[in-house]
Structure formats: C-alpha cells, structure tokens
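1. Here is my input; please provide its structure:
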Amino acid sequence: MDPITAIGLASSIVSFIDFSWSLLTGAKELYESGRRRTKENARISSIVDDLHEYALDLTVGGEGASKHEKALRSLANDCCALSEELVGILQKLEMKRNSRWQSLKKSWEAMRKADNIALLESRLGKYRAQMNTRLLALLSEQQSSIKSQLDNIQNEAEKVSSASATELKDMREDITAILNKVQEMECKDDSSTSDEDETDDGEAQKELFRSLDNIMDRLSRLEDALQVTPKETRVLQHLYFEDMFAREDSINNASEGTFDWIMMDDSEFEGYLAAWDAKAKLGDRILDGAVEKMNESRILLRRWLIRGDGVFHVSGKAGSGKSTLMKFILHHPSMLECLKQWVGNKTLVLASFYFWRSDRQKLQMSLEGLYRSILFGVLRKCPHLIPELFPDQWRTMSTQAANMSFEKDLFRPIKIKEAFEMLMKNPIKSEKFAFCFFIDGLDEYEADPFEHKILARHLRDWSLKSNIKMCVSSRPEIEFLDIFRKDHRINLHELTARDIHRSSQEMFEQDESFPKVKGIYLELLTDLVDMAEGVFLWASLVVKSLLVEVGRDANSERLWQTLRSTPSKLDDVYDGMLNTLNRQDRRTVDYILLLVLTNPFPDPMNAICLSWLVGPEEFRFPGPNYTYSDQAVLRQLDSVQRQLQGLTKGLLNLAPDTSVLRTCPMFSRKVQFFHRTARDYLTTPERNNQLRASFPLYDARQTHSILRMAELSSINTWNVPNVGFLEHYADDILRLTHASATTLQLPVAHMKVFEEVWNLHFKNRAAFVGFNSQVSKPLCYEANVQFLYVAAFWGQVDIVRQALHTSEHRLVEAELGASPKLDVSRLGQPSLLISASCAHVGSEIVPLLFDQGFSSTSLVPLFDTSVFKCRKWASVWIVFVAHLATRSLRFPERGSKLTWSLFDNLESFLNAADQEPVLVLGRKEDVKTDQCTHFATIEQLVVFHKPPNMQALLKLLGRWRTDGVDGGTKILWDSRKWEAFGVVEMPTYQAADSLEHFVLEGVASMREIILDLEFLGFRVY
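-> Alright, predicted model coming up:
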C-alpha cells in the first residue's frame, strides 16, 4: 500500500468515526466531513446518503502487505459494517417521507439508552483506539513500509532543498505528537478503576473523540502534501544540473575583515575606520578620496537593499574581487535585514547564479544555466509556484506515472526559458512575494558583445517589476555600463585599497619569514596598494613574489626592485612569474599548461594523471593490472599538489571534484586554473602559439585518451559509487576519436591496454548492440561483449585489421563462415559487421570486412527485451537499412558527419553484393493513424539527404530497376511474389512523393516485413 492510499484510507476511517460518533451520541450538530456545515435540520435521507458516502470512501485502496496495513483495511471493513447497521436504524426511525433529523432527536435519545445503541458506541470507541494505534505504527515504526516510503519522499525533497521537505517533516511530527498524546490519554483511561474515575470516563471518551478533529485536519494536509511533493521534487530534479553550485563553492570567502565595511550602518562604519586606521597607518595618497568613495558606495548599496529598485551593478576590473564581494553580500545577515524592510509583509525569495567560463559545465556560462538556477532557487523555496510556472508539465505529471526519462522532454531548454520568462514578465502573486536575484560574472556569459548587451537589457527590463530586483556584477565593459543606471553602480576597484592593504599586511605578518622584513613591510605595502589599482589578484601575486624573495634572504634593495619591476598588467605578471623558471622546469611547466589547456574531454583533467608525468611528453604509467590503494592515491595527489605549487607558480591548483565520483579518491581532485585571467592569458594567440610550437608533435586527443586509459586501468571499481558514470567516462575515450574531421586511430598497443581495461571492468556490463522488433525495446547483449565490437563501432581499423589477420577472436572466425541459415547457437552474439556499419564514424572497416568474406545476408536475432527472448531474425543488411532510415528520418541531421558516414557505409554494402530490395515504411505526418500508410525507397532517402556520394549511390541503386520500375515498388504491387514467400494478405501502401513530414514506422524486405524498428539513442556494438 502506498503512503497516499494509506493516509487517505486512514483519513476516511477517522472521518467516518467522527461523523458516526456525533450521530450516536446525539450531538447537537452534525457536520459534513471537513466543511463544518450544520445539519440540525437535515433530512434523514441526507444523513443516510452521507453514511453511504463515508462507507464508499472506506472501500478505496488495496489490502496492503504489512500487518498494520492489513489491520487498517480490516478496520475499514468493520466501519463499513457499522455504517450499514446505522443506516438500518435510521431507516426504521424514518416515519414519513422527508422526515427531518430534528423531529427524531427525542426518539433517537431514547433509543440510545437501549443496549444495542450503547453497544454501537462501544464498538466505535474501540475502532477509534485501533485507528490511533495502527496509524501511529504506520507513521512511526521502523519496520513500516509506509514510514519507509514517506521517508523516501521526504529525503528526495530534502536532496533538492525543497521547502516542502520541511513542511512534510513538520506535518509528520505534528500528527505523531497528537497520536502519542491520544495514546497517553487512552492509557490513563484504561487504568481508571474507582467510581469517581468511572464518572469521569464519559468525559474522557468525549475528549478522545474531540481529538479526531485535529487528526482529520492533519491527515488531510498530509494527504495533500503527499499528492504534490513527489511531483514538485521531480520538477526540481529536472531543473537541477551537475555542478550548479560548483562556481559559488569555488569562490574563496572574503578573509576576515575584507568587505565588512560595505554592509555596515553609519555608526559601525565610523568605528571601523577609526580602528583600522590606527593599525594600518596608510599614507595620505592612499587615503585621499578612498574613504569618501567607500562611504558613498556603502550608503548606495544599503539604500538599494532597503528601498531601491531595478538593477544594482557591481563593476570592477578583472581580479578586483567581484565574485568574492557578491558571495559576501549574498550571505551577510545584514543583507537580509535590509531586504526585509523592502519586502514588508511579503515573502522574500532569494536566488543566485554565477556565470563561469568552466572547462566542464557549459550550462554555467549560458542563459539556460541562468534560467535553471534562478528557477531552482525560487521553486525550492516556493514549490507551490511550480503549477503556475510549469502548468503543462504539471498537468502531464499529474496524469502519468513518474518517469524521469520520459519527462525530460517536458523540460527542454525552450520550456525552461518559457517558465523563466513567465516568472520575470508576470509578477507572480506580487502582493505575496518579492524576489531579489544575485547574478555574478555577466562578462563570463559565453556570447558576443551584442548578446551581452541583449542580456543587460533583459535584466534591466525584468527588474522594472515592483516585486523583482537584481544585484549583478561584471567587468567594466561598455555593453553593461551603457544599460545599467550609473546611480545604481559601484566601481569596486576604486574601493578596495584598504582591503588590499589589510589582506596583504596579514600575508606578511603570518609568513614564517616576517621577522626579516618587519622593519620595511609597511612601506612596501604603501607602494604595493598604490600600484595594484584596486586589483586584489595582482596584489596577492606580488606579495607572494616578495615573500619568496624574503625567504631567500633578499635585502631591502632587492625587495624594492622586485616590487617596482613588477608590471601592472596581469598578463605581464604571469610572464614574469614563468620567466623566473630555469629552462628545464619552464619546458615542463609549458607542457603541463598545454595539457590542461587542451583537455578535450568534458570533465576536468584528473590530478592523478600528472603523477605519471616524468618530463615533457614523457609519462611513466603503472604496471599491468596494477591498481592503486586509496592511501597510495592520496600520497600521489599530495605530491602533485606540491609540484604544481612549485613549478606553475600558482597558475594551476587542485580543487575538489564535485561530480558523482567525488567520493572515490582516484577522482577526488581536478586540475584547474586558479583564476579565469590565467586561462585567458594562455589562450591569447601569441602565447598559445608559443606553447604549441614548443611541442609540434603533441596531439591532445591521443595524449588525453592514453591518460584516461591509464586512469581506468588503475582504478578499484568497487570504490566507485556510480559505475554508469565510469562507463561513460570510458566511452569518452572512443567518442573522442571522431571528434574532428578525421578519425583518430589510437595505437594498437594502447588499444590493447584499453581492451584489458574493458575485459576487467566493463565486459559484463550491459552493452547495447542493436534494435528490437518492438517499439522502445533495444536489442542488448547483457554480458561478454568482446572489445573488438566496441573498437569497430568507433572506427578503430588498426586493431580490427590485426584481429582479422591473427584470427585471435573466435567470434570473428564464426562470422567468416556465416551463412544465411538460422543458427541458434549464435543467439545473443553481436555482429561485427553491424557494429562497424552502424557506427558513428565512416571508416575503412566495412569494406575491409566485406573483403575478408563477411556476408550482409548473415542473420542476427531481434530481441523482445520485455521477456529477453528472440522473436525474429533479420539479415545484417536489413538491420543496417533500418538504422540508416532511423538516423536519417527521425534525426534528420543533414550534412552531419554521422549522416554522411552511414551513406558511405551504404555504398560499401551495395558494392559488396546485390542486396535485396528494401522499402522504408511509414506515414505522412498529417495522417491521423498509427498504421503504415506510405512507402519510400532507399533511392528517395539518398536524394532527400544529398550526401557527397549521391551519384555513386544512385548508380548502384539503379541495378534494382527493371523496365524502368523500382524493384521494391514492383514487389509491393505484385501479390504473387508476396504469396511465394508465404504472405497471404499484403497490405496496400501508397508511394510517398516526398520524405518531408514522413514519419518512419519500419522497413520491409522482399522476404519479410519488419515493423516498429526502434534505434533511438542506443549504442550499436
């Protein structure tokens, strides 16, 4: 029994007991369940109808599995029986038609004194006590499946930080407390023995029954919550994306004292200045104007928070601390106090997004990421707004069973955008809610300057609503300066002199070498703050350089020289840092920087990879079958951290990996640039060309593929919490081989290593290798898929050629002599020819296999995966055509590499042999039927897509024509030929004049009709 059914049934039982008790005890008023409408003058027939309705509610729900669920059902049945008895009594009392309850009250009260009515009251009291006991057990006992399911609903909501999780928790605790209190009252009542106690018994019973009102109210609210909370959670899960909070988490918190001034009130600010000046003793040139600007900016921000509107713009140079300030303001208690004055009696809703040009997460630098993050932030705090912002999705999810895969279509980017615009353009319940959004790094939105300007306009316009305002930050780029109001802007780099001085002072004073520089460091800081021009990052790098010199016992003259020779631009600073390295270290660092900069995988580079680097372009990998222990991994990572700090001068650092593999030590650290400016520095054409020129033979795809193979060969899979992610991690290696115009052929030696990894970790994983004869049922071989089929699918011709020449794979030998005859012994074995021909890449493998004697007439099984049995067999040729039709009609990516590769393979099939004619079956999009109504030829498919080899294909397909009529077309109209193959009744199809709006349903060959072929999204090995 599910929680909603159980709680609903319990609520129905409580409602029946409450109504029946009111009736039996002759209460002054009778109420309809939950409505509190007097029925003093109700007709008897109406009361009878109410009893029937209560009894009907008691029949809802199944029997249940646990003893408490079964007892609940039994109790509901007992209440149904009692209802029938009450109906019988009432009908006997009804002396005339349309009799009213008021006229029968005296007769009823007289009957209550009789034993039969008293007995009914006693039974009702027992039912109430049983109800309390069973409901408490269902909600509280650890063994209760209902409690487990409620816990799961609550936990899932808590994972997305939904406010509904807290509400659900409070409701459960509230109703449990009431039930426990009632149970305590029961125990006291049962222990009554004296005459005086017996006198109070009636009052105690009344008090117990009066508690039913509270229980009914809580159950009703709990039932409503259980109806909506799982749907709310699923919506939030669809909005969430991996690393949604990674950027915010990666921003360093402001060090103690930094930016404190901006959230202070007037008296606090005056005290701050007095205390700070006493310690810092800055020169007049630093103080001139700084205090006044700080005070003006502080007042400007506080006024905007308290009563301002529109967009507040934090503008600042690169490295001036904008993100740190935004995070500081967002989490500062005074910010909430100020905004509460703005919202008044409304509910304040905060949400944030940090644009970030991430190596891994494209959503973090896109508008879709902005939409998802703001919606997620709003709706997890106000989940009851979900039906308003996602009305279509809510209706669909309310009428269909939960299916996260199916529901993804409901949350496509365009749907997310529509919901966001609805939130922004329509002031949702503006009388109840006030929204304040913090959006950091507008300049890191990956778009051209014009799109930056469009975004700024949207932010400005959205903030015109009385209950929406935004605080944003960006570099001082013209696209943002022109759009946002100047009187709502602070220029951060003009305000940070004191904070830079304070943090730099702490860096000196906390360093072990401080005693050596104690006499001059304040003078150094005065010049340093002036030269920093408000850029925290520059100041931090320079202080680190000075401390390095201090550690080398540099004299004061050397320190002043180091400071004054430091360039003012960050790029020049980075140049100077790297130029201090000796020739050998510089070459090593350049190679490491190139590795990280050119990482072609969607995941950040794993830090463990750098532990194998012994020199530029030289790696020393673990031995065969060697796996790292957790302790060994941590030691390696610690070594990498020290090397990066020493060699790259801090340009690279290690950061925790927040992905699904973060709990596995092997994947617990990623390599990243310490700041966006460091990456920008290396991507400038001049420096990027210098890096690549230093290593002319460097191939990013090949190098990173080899590194990833080494990762997989060294991992303990038992310590990986998500093997599915690891499979995709492995697939990325082969997917990378065709990421450019030419397929990368990985060296056979490395492919052999990968094969060992595959056989060790992935051979027995589910491997999808084809299609099925029923819709949405993939053909899959569950175990023992040899790596050769995977390699063929990804176009790795060298290892396939070697296997063919050495005959080391027995499945290859089996296929070489394959005949069209049915061979049950091959059930479940994949086809190398299918793996190669249905691949994502056009390669030399298909013609190579035909040259080696592989046959397109070999039969492969079509599985019904609902029962895991073979239902049909089809030739490799039919399977390939089905895949070609599916990819080119259901996914019409005209001009794509994938589509062209399939037409290249079609040419190989047609060159290899005279293939039997095959027709594509389907229907026109506007035909209101699910049945096939039209057919098309492969020739039409070719003309529709116009691949580069179209003329060669049309010439080869011309061999099918007889007397100017397409062979396939003639087959359809010549029923005698169909009869020759055992087809008694041949359905009539119309020729499709065009493939525009043609809905594919299947393919048909001369020997058989195969309908409902499904390839959607499945890998074909």
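2. Can you identify each of the helices in the stretch 451-600 of the chain by residue range?
-> 478-481, 497-509, 514-517, 521-532, 536-551, 556-565, 570-579, 583-597 (DSSP state H, counting those that start in this stretch).
3. Now do the same contact list for the spatially most central residue of the chain.
-> Among the residues of the chain, the one closest to the centroid is residue 241, at 3.5 Å (CA atoms, centre = their mean). Each residue near residue 241 by CB atoms under 8 Å, 6 or more residues apart in numbering is listed here: 361, 363, 369, 372. Where C-beta positions appear, they are placed from N, C-alpha and C, glycine not excepted.
4. Is it part of a helix or strand, or is it coil?
-> coil (DSSP: H, G, I helix; E, B strand; the rest coil).
5. Return the per-residue confidence for it.
-> Residue 241 carries a pLDDT value of 89.
6. try residue 45
-> On the pLDDT scale, residue 45 gets 65.
7. Number of residues surrounding residue 522?
-> Neighbour count of residue 522, defined by other CB atoms under 10 Å: 16.
8. Give me the distance between it and residue 375.
-> Look at residue 522 and residue 375: by CB to CB, to the nearest Å, they are 50 Å apart.
9. where along the stretch 151-300 of the chain do the helices fall?
-> 163-190, 195-239, 246-250, 266-280, 284-287, 290-307.
10. Would you pull up how far the third one lies from the middle of the chain?
-> It refers to helix 246-250. 16 Å (CA atoms, centre = their mean, to the nearest Å).
11. ok, what's across the strand from the nearest residue to residue 343 once chain neighbours are set aside?
-> Computed as CB to CB, 6 or more residues apart in numbering, the closest residue to residue 343 that is not its neighbour in sequence is residue 434, at 4.0 Å. On the basis of DSSP bridges, residue 434 is bridged to residue 348.
12. Pretty sure residue 434 sits against residue 346.
-> Yes: look at residue 434 against residue 346 with CB atoms under 8 Å: they come within range, at 4.4 Å.
13. For stretch 515-524, what does the pLDDT average out to?
-> 90.
14. Could you pull out the buried residues of that stretch?
-> By neighbour count on 16 or more other CB atoms under 10 Å, the buried set for stretch 515-524 is 516, 517, 521, 522, 524.
15. Can you add distance to residue 420 and give those back as a markdown table?
-> Formatted as a markdown table, the buried residues of stretch 515-524 follow (distance: CB to CB, whole Å):
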| residue | distance to residue 420 |
| --- | --- |
| 516 | 56 |
| 517 | 53 |
| 521 | 51 |
| 522 | 51 |
| 524 | 50 |
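16. Max pairwise distance over those: which two?
-> Farthest pair in these (CB to CB) is 516 and 522. Separation: 14.4 Å.
17. Residue ranges of each domain in the protein, please.
-> 3-183+206-227, 245-494, 497-568 (the TED database).
18. just checking, what packs against the helix or strand residue 881 falls within?
-> For residue 881, the host element (DSSP states H and E) is helix 876-885. With contacts taken as 3 or more CB pairs under 8 Å, 6 or more residues apart in numbering; DSSP states H and E, helix 876-885 sits against helix 832-837, strand 859-864, helix 897-912, strand 918-924, helix 938-945, strand 998-1005.
19. 6 Å - rerun?
-> helix 832-837, strand 998-1005 (3 or more CB pairs under 6 Å, 6 or more residues apart in numbering; DSSP states H and E).
20. Which strands and helices lie in contact with the shortest one?
-> Just to be clear, that refers to helix 832-837. Checking 3+ CB pairs under 6 Å, 6+ apart, helix 832-837 ends up next to helix 787-793, helix 845-851, helix 876-885.
21. would you turn the ones you listed into TSV with mean neighbour count, mean pLDDT and distance to residue 562?
-> Formatted as TSV, these follow (neighbours: other CB atoms under 10 Å; pLDDT from 0 to 100; distance: least, CB to CB, whole Å):
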stretch	mean neighbour count	mean pLDDT	distance to residue 562
helix 787-793	26	81	56
helix 845-851	21	90	60
helix 876-885	25	84	65
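22. who wins for proximity to residue 757 among those helices?
-> Comparing those by CB to CB, helix 787-793 comes nearest, at 8.9 Å.
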